[in-house]
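Novice: Please find the sequence and the predicted model below.
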Amino acid sequence: MPYCCQCGNPAADTDLYCARCGARQPVAPGRGEPSPGLSPRAASVLCYIPFVGWIAAIVVLASERFRQNRSVRFHAFQGLYLFVAWLIVDWVIGPFFRWLPGMHFRFDKLLELGLLVVWIFMIVKTSQERTFSLPILGELAERSASES
């Protein structure tokens, strides 16, 4: 059991302040961080998981641990923009093609399949630790990662 660095009062491992004197306690490595064992490569790959990678991207962008890692931030932004592209296809382009009568070939489904292939391609490239910038989304991600 650790003790307060100021007064010597017994303290728990998770205490940030002493209950008796209120002094700030030293932070143990990894304490307060949501994913202390997550490598930069794994964080980058998680940002490209189809349909749910946006959650990992937001966590990575909010994490203090990856705030200075430009490569991981680039992948997080690019994964977010890829998800936004899928939303545009699903919510904007899709309804237009659903209302056309007699359409046996729906262009929106082809676009969604293409985006799924791009997601898988990016998972493979990122797991090999290769940075691949998508044509429009990569430029946006590069600008967003450099601004922060």
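Specialist: Structure's in. What do you need? Residues are numbered from 1 along each chain as shown.
Novice: Report the buried residues of the helix or strand hosting residue 76.
Specialist: If you go by DSSP states H and E, residue 76 is part of helix 70-88. Using 16 or more other CB atoms under 10 Å as the burial criterion, the residues of helix 70-88 that qualify are 71-83, 85-86. Any C-beta I mention is one placed from the backbone N, CA and C, and that applies to glycine too.
Novice: again with stretch 114-134
Specialist: By 16+ other CB under 10 Å, the buried positions in stretch 114-134 come out as 115, 118, 119, 122, 123, 125, 126, 134.
Novice: So which of the residues you listed sit within strands?
Specialist: Nothing among the buried residues of stretch 114-134 maps onto strands, per DSSP state E.
Novice: would CSV of these with distance to residue 25 and pLDDT be doable?
Specialist: Formatted as CSV, those follow (distance: CB to CB, whole Å; pLDDT from 0 to 100):
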residue, distance to residue 25, pLDDT
115, 47, 96
118, 47, 97
119, 43, 96
122, 41, 97
123, 40, 97
125, 43, 96
126, 37, 96
134, 45, 95
